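Colleague: need the 3D shape of this:
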Amino acid sequence: MGKKGKKYLTAEAAVEEAGDGPFNIADASRLVKDVAFANFDESVDLDLRLGVDPRHADQMVRGSVALPHGTGKEITVLVLANEAKQAEAEEAGADYVGLDDYVEKISNEGWTDFDVVIATPDVMGQVGRLGRFLGPRGLMPNPKSGTVTMDVAQTVKEVKAGKIDFRVDKNGNLHTPIGKVSFTKEQLEENARAFLQEVMRLRPPASKGLYVRSATMSSTMGPPVAIDRSNVLALVR
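Modeller: Predicted structure coming up:
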């Protein structure tokens, strides 16, 4: 971050004055709301530093979770499927539905005006060619995240209702939106718990030592609020 602005410094001081961190999940959810200062409805994000090395396949942390209160963002869904499944996808609320036209649009124009891509297994031969466009943006359909499926309608509904995908970056970090500043502190807390619980469930057996090294919650413009690691580790289910 460059030079910190006056509002940011004021918010940072308010976090320090709130007491000795790190904070439990409930207090962190309240504090992030209390110190938010932007004149728009900021996203609230969770950042985790995990003790894994994603260069090894057996230490990759990747999954999806349905947030109880969604992310507060309208999710745009593209479904790539043959005609037999297209009507089902449209009825479920998908924003874009088709196959050949969209494969060409992405390949030729680099079009990516969507948040999630769902594909049926039988068209993955065609969809696979889009890897260089969708892969770097984290948009490639994947069976592990549930976005390669024949149950198109249910998956579209889940994504629209707040199901999110996540995966560690090459440094073992997770950065995930869990709501908006306009959410109640209870909504933020419940979303945070749902996400953290799933991350704990996905701990790779090959991960040694500290699994969660640090956890922070912050709004788009605001300072990070440290979450007590023991609070996160207690969410094992």
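
Colleague: contacting residues around E198?
Modeller: By Cβ atoms under 8 Å, 6 or more residues apart in numbering, the contact set of E198 is G63, S64, V65. Just so you know, the C-beta spots here come from the backbone N, C-alpha and C atoms, and that holds for glycine as well.

Colleague: so which of these is the most crowded?
Modeller: The most crowded member of those, judged by other Cβ atoms under 10 Å, is V65 (21 neighbours).

Colleague: just checking, that one touches A192?
Modeller: No: the criterion here is Cβ atoms under 8 Å, and V65 misses it with A192 at 11.0 Å.

Colleague: after whichever helix in the chain runs longest, which helix or strand is next? Please name it.
Modeller: Secondary structure of the chain per DSSP state H: the longest helix is helix 185-201. Taking DSSP states H and E as the definition, the helix or strand that follows helix 185-201 towards the C-terminus is strand 212-219.

Colleague: what's in contact with whichever helix or strand comes after that next one?
Modeller: Under the assignment DSSP H and E, the closest C-terminal helix or strand after strand 212-219 is strand 225-226. If you take Cβ under 8 Å, 6+ apart as the criterion, strand 225-226 is touched by 15, 21-23, 28, 31-32, 35, 214-218.

Colleague: mind running it again at 7 Å?
Modeller: When contacts are defined by Cβ atoms under 7 Å, 6 or more residues apart in numbering, strand 225-226 is touched by residues V15, G21, P22, F23, A28, L31, V32, T216, M217, S218.

Colleague: parallel or antiparallel, which strands does that strand pair with?
Modeller: Strand pairing for strand 225-226, using DSSP bridges, gives strand 212-219 (antiparallel).

Colleague: mind listing what's buried along the partner strand?
Modeller: V212, S214, A215, T216, M217, S218, S219 (16 or more other Cβ atoms under 10 Å).

Colleague: with that, I have no additional questions.
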